[in-house]
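Visitor: Quick one, fold the following:
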Amino acid sequence: MPSDTSTEPSPLFGARMAGALWLIVILASIVAIIAEASLDLHGDPGTLAANVLASASKIRLIFVALFFGKICYIGVTVLLYELLKPVNKSVALFGAFCGLAGLLTGAGGSINLLTALSLLEEARRATEPVASQLRGVVKILLGAEGFNGEDVFFGCQMLSVGYLIVRSYFVPRAIGVLVVLGGLSFLITSFTTLMAPALGARVAPLILPIVALGEGSLALWLLVRGVNVEQWRSATARPSAIDPAAR
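Guide: This next block holds a predicted model:
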């Protein structure tokens with residue numbers, strides 16, 4: 001027989017935790033972007049090595065900010081799955097897997113930067129030609145630019161989350177539309193960069209603010225307002241009303 005929805009735990013705590021963690025992720029990303037924008041990672045191996053060593057504290061700050069942000073985003077991904085699975089469990093699971101895949105894919109960039117710093121610090125103590133070889137490896141590590149698989153996974157996750165919000169009645173549909181547009185922006189930027197890197201570099205500053213608008217609006221809404229508890233409980237009870245044995 002259908003369960004008593006009054007016994008269902010309130011989703012408000014999970015929703016507000018998701019919003020708070022997401023805002024922390026956004027702030028950590030902003031810190032990392034500002035710090036990374038001041039880095040000069042171009043030039044010949046000798047110039048590059050000098051620039052990296054001179055920016056050691058910034059590089060460590062970038063790594064810590066991104067690492068902490070990724071830990072928080074794991075929490076966001078799990079909480080969003082729990083929050084949205086009453087709408088469609090399969091789509092919510094797909095979104096959660098995309099989020100985790102994006103975290104794993106995106107870990108390479110910050111790890112490469114920290115690894116480059118470690119290699120150059122070792123090169124200062126090494127003799128030639130070992131030092132030159134280490135500087136060459138650093139040039140290769142930091143020279144890879146272009147297609148960002150991390151943004152593809154996050155774009156798919158945002159599309160999934162936005163779709164589920166639009167289908168739900170416990171978060172405003174307008175926010176779901178903004179999240180969908182943010183997901184599309186991620187995908188457009190990523191594939192434009194793959195097909196035409198120069199065009200991608202010009203397009204990204206124009207459409208990535210849409211990503212920030214979608215993520216920021218959802219994070220703030222979840223933190224301040226949470227969800228409509230009655231509508232969430234109604235969505236949770238709906239599968240059991242169709243199939244009493246479904247759990």
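Visitor: Which stretches in the protein count as helices?
Guide: 12-37, 45-54, 56-84, 89-123, 130-143, 149-167, 173-195, 197-224, 229-242 (DSSP state H).
Visitor: tell me the contacts of the most centrally placed residue in the chain?
Guide: By CA atoms, centre = their mean, the mean C-alpha position of the chain lies nearest to F154, the distance being 5.7 Å. Residues in contact with F154, defined by CB atoms under 8 Å, 6 or more residues apart in numbering, are 98-99, 102, 183, 186. The way it works is simple: take the backbone N, C-alpha and C, and place the C-beta from them, glycine included.
Visitor: cool, and A15?
Guide: 79, 83, 222, 226-227.
Visitor: And those, which is closest to F170?
Guide: Set against F170, the nearest of those by CB to CB is V227 (4.2 Å).
Visitor: Just give me the neighbour total for the closest one.
Guide: For V227, the neighbour count with other CB atoms under 10 Å is 25.
Visitor: quick one: it from L120, how far?
Guide: Relative to L120, V227 is positioned 49 Å away (CB to CB, to the nearest Å).
Visitor: Then M17?
Guide: 40 Å.
Visitor: Compare those two (neighbour count), which wins?
Guide: L120 (22 against 18).
Visitor: Do I have it right that the more buried one meets L53?
Guide: Yes - counting by CB atoms under 8 Å, L120 touches L53, with 5.5 Å between them.
Visitor: Can you check which residues contact both of the two?
Guide: Both L120 and L53 lack any common contact, where contact means CB under 8 Å, 6+ apart.
Visitor: tell me the contacts of T192?
Guide: 199-200, 203.
Visitor: Going by distance to H42, which of those wins?
Guide: Using CB to CB, the contacts of T192 come closest to H42 at G200, 18.0 Å.
Visitor: How about the closest one: what's its closest non-neighbour residue?
Guide: T193 (3.1 Å; CB to CB, 6 or more residues apart in numbering).
Visitor: Show me the shaky parts of the protein.
Guide: For the chain, the stretches flagged by pLDDT under 70 are 1-9, 43-45, 107-109, 122-148, 238-247.
Visitor: what about the residue nearest to G200, neighbour count?
Guide: T193 has 20 neighbours, counted by other CB under 10 Å.
Visitor: Pull up the gap between it and V166, please.
Guide: 28 Å.
Visitor: Next: Q231.
Guide: Distance from Q231 to V166, by CB to CB: 14 Å.
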